[in-house]
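*Asks:* Based on what follows, work out the 3D shape:
(chains A and B)
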Amino acid sequence: MNNHTDFHDVRILRNSGLSIFIDNGEIEEISNNCTQGIACRVLVNGSWGFASSDHISDTGGVLSSAVRLASRTHARSPRPDIELAAVDPPVIQDLPLIEKDPGEVSIEEKVELLLEIYKRAKIPDVSSASVIYSESVTEEEYKNSEGVETQYSLVRCGFAVTAVASRNGVFQMGRESRFDVCGFELFDRHDPLELGHKAGTTAVDLLSANLPKGGRMPVILDQELAGVFIHEAVGHAAEADHVIEGNSILTGKVGSQIATPCINVMDDPTMHGFGYYPHDDEGVGSVPTEIIKDGILTSYLHSRETATLLPGTGRPGHARSQGLSRPVIRMSNTYIENGDSNLDEMLLEINNAIYLIGSRGGQVNPGEGVFQFNAERGFMVEDGKLTTPLRDVSLSGHTLDILTNIKLVGNDMKMNSGRCGKAGQLVPVTDGSPHILVSEATVGGSG
Amino acid sequence: MKQDIDQVMNLAQQAVDIAIQAGADEVEVFGLTGRSVHVDIQKDKIDLARESFAAGLGIKAIVSGAVGFSSTNDPSGIRDSALLAVGSAKVRNSDPDWSGLPVRSDYCIAKGIFDPGIDNMDIDACIDLSMMMIDGAQSVKDTIPISGKFTCSSFSYGILNSNGVEVQEDSTRVDGFFDCRAGEGNDLSTAFEFDISRSLDIDFFHIGHEAASEAFKSIGGVSIDSSEMDVLLKPNAIADILESTFCPSISAENIQKERSALIGKLENQIGVEELDIIDDGLMENGIGSSRCDDEGVPSKCNRIIENGVLKTYLYDTYTAGKAKVESTGSAARDNYAQTTSIDVCNLKIEYPASDIVAETNKGVIIDSVIGAHTANPISGDFSVEARNSFLIENGEITSPVKSMMISGNMFDLLQNIIGVGRDDRVLGNIITPTLKISGLKVIG
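*Replies:* Just a heads-up that it's a prediction; the model follows:
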C-alpha cells in the first residue's frame, strides 16, 4: 500500500462526565461516563479518509485504515487536489479560568441544590418538574503532518429545569437552562432558584394563554428567539460547505446587501461562551468572524479546505467535531450586535402584531432559505401595549425577507446556550441578539 | 477490526462481580461492539470515507431500589467504573417502587436483522453503492446533486445481569440519503430521499433518482390562501410528527409522571374506528427488531391502538413493576454510555388502504415537514413548515406549493384520518403509509 499522504492529523480525546437527573423530587439517575478515543484524518490526492477507534493505543491501525479509505476513494471517485489554506500554528491562550472545580463539589451538595431548584419550579398547578445537571472535562490532543502539536482541556457545566403545568386536560411547559464553559461558579453567576421559579410560572401562565390566529403580520422577537433566527436561518446558510454544495441562499452574495443596514452579525469562538474553543478540530486558532456588517454579507464560515475553494470569502477556523466524528464547518457563539432601539420604542411602532418570546427550537432549509421556529410563548401587541398572552405560536418564512424586513434593533443583547445539530453531530454553541422588530412575517397557530 | 463481543462480556462479568462485592443488590451490564463505514458525498463526488470502531460497557448498579449508572470504553477502567455506579446508587434514598431487574427468560429469534454481507463489507463495495445514488440523481435532467450519505454498520451487544439474564445478539443495518436541487434563485427547490434496511436490499439508484425527481417537480410553486382542507401527509411527514408527539405520549414513564395527554385514556376511543397501531419488537427485517429489549426482556408485538381504542402504554421493567403489569419489552438505549428509556421498536400504522389521491377533490399532499421536533409533546399541538407539497385538484396532483405551514393537534389528527395510501414505508422505527386528514389548518 502506498502510504503517501498530502496531509494527516490525529486527535486523541479523553472525556469524563457526570450527569444527575432529578424528576418529580427524586433522583432519577446519576450517570458517570469515562471514554477515550482516537481519530485520524488523511488527505490523499484530493480524497479524504477518516478512521476512529475507542482504543487510543491503536494509532498505527487507525492511520492505515484512514489511508486505505482515502486511497480507495481517490481510485474510484477522483477529485482535483485540495490545497488546504495556509494557517499559523495555533497559540493556546486565554482559556476560561475555572473558579470552582465541579469535581471538588460533593455529589450530595449538587443533589441538594438540584432538589431546591426543583422545589422552586413545583408551584401550584405544576404537575411535574425535572432538573438535569451535567459537568464534563474534555482533554484534546491534536497533531498534524505540518508539525502542529497542541493539547488543551475544557470544563463544561450546566443545568436545565423543566416544569409541566396541567389543568382540565391542557398541558403546558416552561423551561430554563444555563450551560457554559466554566465550573460550579455557574450557580453563582445565575440564580438557579429564581430560574426554577421562572420555569414553573411560565408553565402555569401558559395554561390560560390563547392560541394565536395564523397569518402575516409584524412581529417583535425577543433576544432568545432572534438569536435562534440568526443561528438557524443566517448562520447555517453562511457555512461554506452549504455554499459549495449550492445549498445556501447566500451563495454568491458576499459583498451584497442582504439585510437592513442596522444589522451586524458575528460568530466568535474566542468569546467565553458555551461555544468557545481555543482552536478548531483541524488545528486552526480561533478568530472572530464578521458574517454581516451594516447589512452586507462579508464572510462565510470556513474550514481550511473551503477557504481555498472560495477565496476572499473569509478565514478558516470553524471546523468542529462531536467526539471522534469528522470535522464539519460549524458555528460557535453567534449573535446580532446591539443597535440603538428598545422594546418600548418597538411596541409603539406597530399595532395588531405579535411579540414572540423564547424558543422551543427550529429548523431551516438553507438552500431554499425557508425556516420554522417555535416560540415558547407570546403576546398580542395592541395600541403600544402587550395584551393577550399566547401559546403554541410559531414563526416561518424566508430568511432574506426577514433580514430585509428588520426595522429596529434593540440595545439589550443576551446570549443563550444550547447544542446545534448538523451532519448527525451535536456541538455546544451559544446564540444571541437584542430585541428586533420585523415588519412582516408568517405566524403559525391554530387559534 | 471490530472487537469480539465475548471479550467485552468477559469484562462485563468482572464488572458484575466487583459491583456485588462493593455492596450492590443487583447489577446489569450492557456491552456493545461495532464497526461502521460512512461515505459522505458532496455534489457528485465522494468527499470523505470513514470507518469507526466502538466497544464499551454500561454498568447499572442497584442499592435498595436506587439505580447508579456508569460507562467506560477503557478496559483498565472497569473496576473504577463499577465502583462509581455503586457509589452513585448509594446517594439516592431507597425506591419502594423498584421491582427488580428482569430475570432469565427464553427468547424468540428476531428474523432478518443480520446480513453477513454488511458485517464485513469492504470499502470498495460501500463506494460503489454510494456512487449508485449519484448515478440515480444524475439520471434526472436539470437537477444538481447537493450531498449524500451512505452508512453501513454491524453491531453486537450483550446483556448480563445478576438475576441470570445472559443474552447476546448480532445485527446489521445500511442506509442511504441523498439531497438534490433544481431551479435557481427564487425558484430553487430542494428535495431529499432516504432508505434504510437490515440487509443489502436497498435500491440506491432509486434514492438518488427520487430526490432529483422530487426537486425538479417542486420548481415554480404557487402560493395558496390560508384555509382548512384535506391534507395528505406522506410517510416522512407523518412519521416525523408521530415521533415528536405520539411516541412520547404512550410512554408509561410519561404517564406515571403526568406528562402525557393519554393519562386515564386506556380503553377509550382515541382514533377513528378503522385505525390500528401496533409496536412489534419481533417484526421480520424490522429496524427496531431484536430478541429482547435493552434490559433483556423478551421482545413481543404490542397492540397499542385497536379499532381506534387505546389498549396499552409502553412499559420497561421499572414502570411495569410500578403499575403492576408486565413489561412490554420497550426499554431502549442508543449506546452503552446511556441508561435505558422507553421507546417504540417498530411502530406500524394500519388502516384500510385506498386510492387516496384519486379520492381527493381539493387538498394538498406534503412530502415532509420542517420543525416537527418543536411540537408540544404533551398536548400534541404542532405547527410546522411543509416541504415539497403539491395541490390536489379533482383527484390529481397538480402544481407545487411554494411555502406553507400546517397547524394542528396530533390527537385530533388520529380522529380525523379519512384514508390511507398503499405506500407503506419503513422510516426507521416507524412504518406508515400516507395518511389523509380532513380539515387540517393550512397557512399560506
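*Asks:* next one: the helix or strand of chain A with the lowest mean pLDDT to chain centre, how far?
*Replies:* Sorting the helices and strands of chain A by mean pLDDT, DSSP states H and E puts strand A:362-365 at the bottom, at a mean of 82. Taking CA atoms, centre = their mean, to the nearest Å, one finds the center of strand A:362-365 at 13 Å from the center of the full chain.
*Asks:* does any part of it sit near chain B?
*Replies:* Yes: interface with chain B: strand A:362-365 contributes A:362, A:363, A:364, A:365 (CB under 8 Å from any CB of the partner chain). From N, CA and C alone the C-beta is placed, and that goes for glycine too.
*Asks:* Now the residue of the stretch 201-350 of chain B at minimum distance from chain A: phi and psi?
*Replies:* As assessed by CB to the nearest CB, chain A sits closest to residue B:258 within the stretch 201-350 of chain B, at 4.3 Å. Backbone torsions of residue B:258, given as degrees, to the nearest 10, read phi 60, psi 50.
*Asks:* Looks like it contacts residue A:167 (just checking).
*Replies:* No: counting by CB atoms under 8 Å, residue B:258 stays clear of residue A:167, with 11.8 Å between them.
*Asks:* Looking at these two, which one has more neighbours?
*Replies:* residue B:258 (15 against 12; other CB atoms under 10 Å in any protein chain shown).
*Asks:* so where's chain B shaky on pLDDT?
*Replies:* B:1 (pLDDT under 70).
*Asks:* domain assignment for it?
*Replies:* Residue ranges for each domain of chain B read B:5-215, B:222-444, as given by automatic domain parsing.
*Asks:* now the ones you listed as JSON lines including distance to residue A:258?
*Replies:* Output for the domains of chain B, formatted as JSON lines (distance: least, CB to CB, whole Å):
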{"stretch": "domain B:5-215", "distance to residue A:258": "14"}
{"stretch": "domain B:222-444", "distance to residue A:258": "19"}
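*Asks:* For residue A:411, find the nearest of those domains.
*Replies:* When the domains of chain B are compared for distance to residue A:411 using CB to CB, the nearest one is domain B:222-444, at 28.9 Å.
*Asks:* near chain B, which residues of the stretch 251-400 of chain A?
*Replies:* A:324, A:326, A:360-365, A:367-368, A:370-374, A:392-394, A:396-398.
*Asks:* Any of those residues buried? List them.
*Replies:* Among these, those scoring as buried are A:324, A:326, A:360, A:362-365, A:367-368, A:370-374, A:392-394, A:396-398 (criterion: 16 or more other CB atoms under 10 Å in any protein chain shown).
*Asks:* in the stretch 251-400 of chain B, which spans are strands?
*Replies:* For the stretch 251-400 of chain B, the strands defined by DSSP state E, counting those that start in this stretch occupy B:276-280, B:301-306, B:309-310, B:331-332, B:341-342, B:347-350, B:362-370, B:381-393, B:396-401.
*Asks:* Contact partners for residue 55?
*Replies:* Here I'm looking at chain A. Applying CB atoms under 8 Å, 6 or more residues apart in numbering or on different chains to residue A:55 gives the contacts A:37, A:38, B:53, B:55.
*Asks:* Sorry, I should have been clearer: chain B.
*Replies:* In this structure, residue B:55 makes contact with A:54, A:55, B:2, B:3, B:8, B:31, B:32, B:33, B:34, B:73, judged by CB under 8 Å, 6+ apart.
*Asks:* Surely the fourth one and residue B:32 touch.
*Replies:* No: between residue B:3 and residue B:32 there is no contact, the gap being 9.7 Å when judged by CB under 8 Å.
*Asks:* So which residues of the stretch 51-200 of chain A form strands?
*Replies:* Going by DSSP E, counting those that start in this stretch, the stretch 51-200 of chain A shows strands at A:126-144, A:149-167, A:170-180.
*Asks:* Take the second one, keep the C-alpha atoms, and write them as CSV.
*Replies:* Backbone C-alpha positions of strand A:149-167 (Å, rounded to 0.1, in the frame of the first residue of the first chain) are rendered in CSV as follows:
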residue,chain,number,x,y,z
GLU,A,149,1.2,19.7,18.3
THR,A,150,-1.1,21.0,21.0
GLN,A,151,-3.3,20.0,23.8
TYR,A,152,-5.9,21.6,26.0
SER,A,153,-8.6,20.8,28.4
LEU,A,154,-12.1,22.3,28.9
VAL,A,155,-14.5,22.1,31.7
ARG,A,156,-18.2,22.5,30.9
CYS,A,157,-21.1,22.7,33.4
GLY,A,158,-24.8,23.5,33.3
PHE,A,159,-28.3,22.7,34.2
ALA,A,160,-31.9,22.8,32.8
VAL,A,161,-35.2,22.9,34.7
THR,A,162,-38.5,21.9,33.0
ALA,A,163,-41.9,22.4,34.6
VAL,A,164,-45.1,20.9,33.2
ALA,A,165,-48.4,22.5,34.3
SER,A,166,-51.8,21.0,33.7
ARG,A,167,-55.4,22.0,34.2
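*Asks:* So what's the gap between whatever helix or strand residue B:157 lives in and the chain middle?
*Replies:* Using DSSP states H and E, residue B:157 falls within strand B:143-161. With CA atoms, centre = their mean as the basis, strand B:143-161 stands 13 Å off its chain's centre.
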